[in-house]
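no sequence for this one, just the structure:
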């Protein structure tokens with residue numbers, strides 16, 4: 001095969017380094033460096049002694065190149081690729097150790113006290129999962145398989161720093177793959193505390209320092225929502241006869257918290273939920289309550305501008321009753337005594353669970 005990939009009798013099957021360099025857009029000297037330093041190179045030689053890359057070598061190099069373009073250091077990328085390639089069939093590759101984002105950012109709160117609204121959060125942040133059970137293990141809930149990585153690779157779990165770099169590079173493919181892998185392997189709570197909160201913290205600091213990064217926030221939020229929304233499908237055997245209704249306060253655009261809460265209720269507790277999403281007018285919420293007769297209604301307010309408690313008094317009184325619960329840092333004073341304001345995810349779960357029984 002010549003460097004265009006054509007097989008010759010002298011060289012045998014495979015790809016030459018020139019053909020691989022052109023295919024990947026990586027200079028041949030860099031490919032030689034990857035081989036010498038990290039052992040990611042051609043797996044055999046032709047009868048004439050020339051180095052030849054086979055299809056497996058190409059997949060490893062493509063994954064190495066993708067990780068580096070996402071901001072992963074070359075040595076780390078090589079370890080991830082080689083570890084995944086060396087894992088026996090059916091074995092789960094060990095993820096990278098998680099860490100807080102650089103710059104002195106505090107580590108996320110432990111599961112027992114995880115805040116429903118992390119402080120100084122610029123984006124759609126919300127409750128963390130309880131139980132830590134992978135969503136795919138819940139009855140009737142199946143995460144769609146992500147086609148973002150090479151077929152022989154199960155995505156490794158990144159550090160928060162690596163995920164933040166991928167988001168900063170606007171690499172939606174890598175962000176999606178890593179979020180999906182973390183959700184599948186560790187569940188919503190672990191992913192939220194070890195990856196999502198630190199990445200949003202990085203985005204927050206960047207926005208405070210430069211006034212920019214809105215596009216990074218939007219991309220990361222979009223990819224996270226894309227991963228969470230499939231998890232809120234109705235369980236095959238819900239434990240509740242009346243659904244739990246979740247909505248954002250009127251004019252509140254940060255809907256990620258209610259999707260996170262709905263995903264945990266569905267995957268970890270087999271609770272049927274209905275999510276109305278961002279900027280739900282109170283008349284529309286009232287109509288939905290009358291139509292569905294929910295056991296509980298959870299209303300989220302992220303910003304002070306959206307947390308006026310007065311409209312809550314206009315929500316209908318149903319028979320049987322619907323328990324209204326609010327969460328988020330946006331709510332001001334004056335909440336009706338009958339409406340609890342939860343400040344942690346476990347408290348939200350406790351209140352909703354009580355409403356279901």
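Cool, the structure landed. Quick caveat: nothing in here was measured; it's all calculated off a predicted structure.

How much space separates the residue nearest to residue 353 when sequence neighbours are not counted from residue 292?
Of all residues not flanking residue 353 in the chain, residue 269 sits nearest, at 7.7 Å (C-beta to C-beta, 6 or more residues apart in numbering). (Each C-beta comes from the backbone N, C-alpha and C, glycine too.) Note on residue 269: its distance to residue 292, by C-beta to C-beta, to the nearest Å, is 19 Å.

out of the two, which sits in the more crowded spot?
Between residue 269 and residue 292, residue 269 has the larger neighbour count (other C-beta atoms under 10 Å), namely 21 against 16.

wouldn't the more buried one be in contact with residue 239 here?
Yes: contact between residue 269 and residue 239 holds when scored by C-beta atoms under 8 Å: they sit 7.0 Å apart.

Just give me the neighbour total for the closest residue to residue 338 other than its chain neighbours.
Among residues not flanking residue 338 along the chain, residue 324 sits closest, at 7.6 Å (C-beta to C-beta, 6+ apart). Residue 324 is flanked by 21 other residues according to other C-beta under 10 Å.

a strand runs through residue 324, doesn't it?
Yes: assessed by DSSP: H, G, I helix; E, B strand; the rest coil, residue 324 belongs to a strand.

Quickly list what it is bridged to.
Listed by DSSP bridges, the beta-bridge partners for residue 324 are residue 297.

That one and residue 203, how far apart?
32 Å.

can you check residue 47 too?
Residue 47 is 54 Å from residue 203, by C-beta to C-beta.

so what's the residue nearest the centre of the chain closest to, chain neighbours aside?
Using C-alpha atoms, centre = their mean, the residue of the chain that lies closest to the mean C-alpha position is residue 179, 3.5 Å off. Counting by C-beta to C-beta, 6+ apart, residue 227 is the residue found nearest to residue 179 once chain neighbours are left out, at 4.9 Å.

tell me which element that neighbour is part of?
Per DSSP states H and E, residue 227 falls inside helix 214-228.

mind listing what's buried in that helix?
216-217, 219-221, 223-224, 226-228 (16 or more other C-beta atoms under 10 Å).

Switch those residues over to CSV; also include pLDDT.
As requested, these are exported to CSV (pLDDT from 0 to 100):
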residue, pLDDT
216, 93
217, 92
219, 94
220, 95
221, 94
223, 94
224, 95
226, 94
227, 94
228, 94
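
For those residues, name the two members farthest from one another.
Across the buried residues of helix 214-228, the longest distance by C-beta to C-beta is 18.6 Å; it joins 216 and 228.

Test my guess that residue 188 contacts residue 260.
Yes: applying C-beta under 8 Å, one finds residue 188 in contact with residue 260, separated by 6.5 Å.

can you give me the angle the helix or strand where residue 260 lies makes with helix 214-228?
Secondary structure assigned from DSSP H and E places residue 260 in helix 256-269. Helix 256-269 runs at 20 degrees relative to helix 214-228, counting by axes from the mean of the first three to the mean of the last three C-alpha atoms, to 10 degrees.

Can you point out the buried residues in helix 256-269?
So helix 256-269, judged by 16+ other C-beta under 10 Å, has buried residues 256-269.

for the stretch 151-300 of the chain, which spans come out with low pLDDT?
Counting by pLDDT under 70, the ranges of the stretch 151-300 of the chain that qualify are 151-155.

Which parts of it are strands?
Along the stretch 151-300 of the chain, the stretches classed as strands by DSSP state E, counting those that start in this stretch are 244-248, 273-277, 296-300.

Need those in TSV (columns: distance to residue 337).
Output for the strands of the stretch 151-300 of the chain, formatted as TSV (distance: least, C-beta to C-beta, whole Å):
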stretch	distance to residue 337
strand 244-248	21
strand 273-277	25
strand 296-300	16
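
Is it possible to get JSON lines of those strands that adds distance to residue 35 and mean neighbour count?
Listed next are these as JSON lines, based on distance: least, C-beta to C-beta, whole Å; neighbours: other C-beta atoms under 10 Å:
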{"stretch": "strand 244-248", "distance to residue 35": "52", "mean neighbour count": "27"}
{"stretch": "strand 273-277", "distance to residue 35": "50", "mean neighbour count": "20"}
{"stretch": "strand 296-300", "distance to residue 35": "52", "mean neighbour count": "29"}
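
on that earlier part again, give me the more crowded residue out of residue 47 and residue 203.
More neighbours surround residue 203 than the other of residue 47 and residue 203, with 23 against 9 (other C-beta under 10 Å).

so what's that one closest to, chain neighbours aside?
Per C-beta to C-beta, 6+ apart, closest to residue 203 is residue 217, 5.1 Å.

hang on, isn't the one you found packed against residue 205?
No: the pair residue 217 / residue 205 is not scored as a contact, 12.0 Å apart, by C-beta under 8 Å.
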